[in-house]
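Undergrad: predicted model follows, preceded by the sequence.
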Amino acid sequence: MPISHDVMTDSVQKIDEASLVLGKLAVKHNLVQPEDVKKALSLQLESIKKGKKVHLGQILIQMGLLQQKQLDFLLSFQKMVQERKLDRDFGERAVSLGHVDAEQVEKALAEQARIFKEGQELRLIGEILVEWGQLDPARRDALLEKQQRTPPKAEKPAAAETTAEPSKPEEVKSPPEVPTNDEAKFEDIIHVSVKPDGMEAYVTPSRPIPDSLTVDDLKVLLREKGVLHGLMSDEELEDYLRNGARSGSPHVVAVGTPPKPGTDAAVRCCFDADPLKVGTIREGGNIDFRDKGDVSQVKSGTLLAERTPPREGTPGTSVSGKPVPPPKPKNAKIKKGKGTRLSPDGSQLFAEIAGRPEMSADGKIYVFSEHKISGDVDLKTGHVFFGGGIEVAGTIKSGFKVKGGSLKANEIVGAEIDIRGDVVVTGGIIGARISLGGSLRARFIHKTEIEVFGDVVVDKEVIDSDIEGSGAFIVKNGPVLSSEIVAKKGIEVMHVGSKTSNPCHLSIGTDDRAENEISKIEALIDKYNKSKEALLEKIRQIESEALENSMKLGEIAQMQDKTTVKKRELEQKLPSLKGDEETYQKIEQIVRALQEEIKEREAVLEKFFTKEDELDEKTQEHKNKIEELDKHVEALDQKIKSIRDWADGQEAIPVLKVHGKLFPFAEIKGPNTFLTVPNAHERVQIKEVESGGEGESKEWALKISPLK
């Protein structure tokens, strides 16, 4: 049975991480079995409950499962793993500073492993490199201090034994050159700094540079500070030392090689995806809904979209010689809707059925088959839910719902509409609630609430309605009265308001629609996350119960083992007692009692095993539900990202164009400012513009000018 890290760490009485790691190491090296470690952990937990802290290794020794030498090996191995990780970092730092090369570090690591394998002695690679003469002790100590590790104490040379043979004279090495006073202070005279991105290195003198310091001295200092790539020429450095350094200002002495960016992925649409192509605007502003232009129709297997994959750029090099990755190119995926199929590599999208292709506002591509209703949507049809295109020859009546891919209808009165694509109404819309992912066209709109990602194009008038859109809002042939309109891509209308109607509230260049949709999705995500947390709490309770059950199971199992051993020992004595009938019968009676006790305890054990299985099943059931919730949340997160990406790619146009009259008291809101129109105007344009200031103090105004 494997050791469950999660069960132990989530229990009421916490077991320290070191004990769990030690148990896993003991199992890994085949010194004990997982069941033995679990029993030992149970005993340790019992000791913790009693206020006693007992090391797991000592428990394993007391149980006769480990010897002290084996425990010492495990503890030293554990320390070896930790120190080796730090030593790899030590080696990388030493290589980056030019103190040693990578090959020397790898050899030192191999030597460290050999020493530990042969004698369980832990030697730091810094010590090994110093002994080999590959690394200066001062540099070793500096690197260890940066890692917050203690440098090794210098060992005193052992006294030579009097009986030993005279040693051979060692080769006398020349003492290292003693730097001059000017050279010794070179690092104090010139400060080296590197930009955070590692692409430029600077030197800044703190006082005049003596003539004794040369370009080679400067290059040595730069190399010691890790500046290895992109150095200026010797002539430029010489000129700086003799002339430019007097200014005391930072001076660029090395420039890295910048990375070359790649190209972003792109999706090319192979059909006309223009959502405005559902009617032609004639002279005078009238929309001819009968003239829709060419409506795309595709057969099954038609190519709808192609994806060009991103191309990675070329890495650059920092002044320290490290590679600098290029900017990661943006990815783009083909968004598959119903009625389509992706190629196995995701680079092409094909029509799965014959029908009309359409792209929603967030870029998802569908192919809609047609569902035609010759009359009205009423009691005869009931609600209409269809994944493709829906055509209603008559009226969608009050109280009925229509949900689908796209919608054409003669009239909508008091209905609830939810459409992924476009909605086209040849007549009018009265008292309805409409949500759509594409664009909307209608002859007139009265007392209606609309949420739309695309454009709204109306032929005649909009009265007493709330319309929230991420596209443009166009009413070229009639008035907008007593309505609230939000349009990210601007508003173009004939008249705004009248002498008797309530003022209109118009928002231009804002995207409340996308943000409100995201808020709804985030609320749903929050609901799912709360359900997930409730399930996680149930799992924690079950795991606590399972741990308690496991501990009791272990206790009973130990009692069963003892009883079984005792029964076996008595059974082995029976043959030798055949001459002593009285003693033989007593022992035999005890054996039968022990057998009965074992049998009863087996029944108890079976109940604990059954409970363990039941708890495992409950846990798995909750985990499956959590997995489903995670999938829902992942899909919703992707939907939010899709909406944000789409919204970020749509240009905000904070412009209101009025071809006729703009009546007083209309309220106009831009992304940064607000205006209540004080007087009547004719043929005007209102646009949000900068009126002064810079940065955070930038000021904005809604400017009224004649319409050209």
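TA: It's in.
Undergrad: next secondary structure element downstream of whatever helix or strand M551 lives in?
TA: Element membership for M551 (DSSP states H and E) is helix 512-573. Next along the chain after helix 512-573, taking DSSP H and E as the criterion, comes helix 581-649.
Undergrad: for the stretch 101-250 of the chain, just list every one of the helices.
TA: Assigned by DSSP state H, counting those that start in this stretch, the stretch 101-250 of the chain shows helices spanning 102-119, 125-131, 137-146, 181-184, 186-189, 215-224, 234-242.
Undergrad: minimum distance to Q82: which of those helices has it?
TA: Among the helices of the stretch 101-250 of the chain, the nearest to Q82 by C-beta to C-beta is helix 102-119 (12.7 Å). In short, each C-beta sits where N, CA and C put it, glycine included.
Undergrad: for the nearest residue to L74 once chain neighbours are set aside, what are phi and psi?
TA: Nearest non-adjacent residue to L74, counting by C-beta to C-beta, 6 or more residues apart in numbering: L25, 5.1 Å away. Main-chain dihedrals, L25, degrees, to the nearest 10: phi -60, psi -40.
Undergrad: pLDDT wise, what is the most far-flung residue of the chain relative to its centre at?
TA: Farthest-out residue of the chain from its mean C-alpha position, per C-alpha atoms, centre = their mean: G579, at 80.2 Å. With respect to pLDDT, G579 scores 80.
Undergrad: tell me the spacing between it and I587.
TA: Applying C-beta to C-beta, to the nearest Å, the value for G579 to I587 is 13 Å.
Undergrad: also K403?
TA: For K403, the distance to I587 - C-beta to C-beta - is 83 Å.
Undergrad: equivalent analysis for K611, please.
TA: K611 sits 36 Å away from I587, going by C-beta to C-beta.
Undergrad: on that earlier part again, out of the helices of the stretch 101-250 of the chain, nearest to G670?
TA: Closest approach to G670 among the helices of the stretch 101-250 of the chain (C-beta to C-beta): helix 234-242, 52.6 Å.
Undergrad: and the closest one, how far out from the chain's middle?
TA: 48 Å (C-alpha atoms, centre = their mean, to the nearest Å).
Undergrad: name the helices or strands packed onto that helix?
TA: helix 215-224, strand 251-255 (3 or more C-beta pairs under 8 Å, 6 or more residues apart in numbering; DSSP states H and E).
Undergrad: in it, what's buried?
TA: Across helix 234-242, burial judged by 16 or more other C-beta atoms under 10 Å covers 237, 240-241.
Undergrad: could you find the closest non-adjacent residue to D87?
TA: Counting by C-beta to C-beta, 6+ apart, the residue nearest D87 is I125, at 4.7 Å.
Undergrad: OK, contacts around that neighbour?
TA: 87, 90-91, 105, 108-109, 111-112 (C-beta atoms under 8 Å, 6 or more residues apart in numbering).
Undergrad: burial count for the residue lying closest to P327 once chain neighbours are set aside?
TA: Nearest non-adjacent residue to P327, counting by C-beta to C-beta, 6+ apart: P261, 5.0 Å away. If you count neighbours by other C-beta atoms under 10 Å, P261 ends up with 14.
Undergrad: M494 belongs to a strand, doesn't it?
TA: Yes - counting by DSSP: H, G, I helix; E, B strand; the rest coil, M494 is part of a strand.
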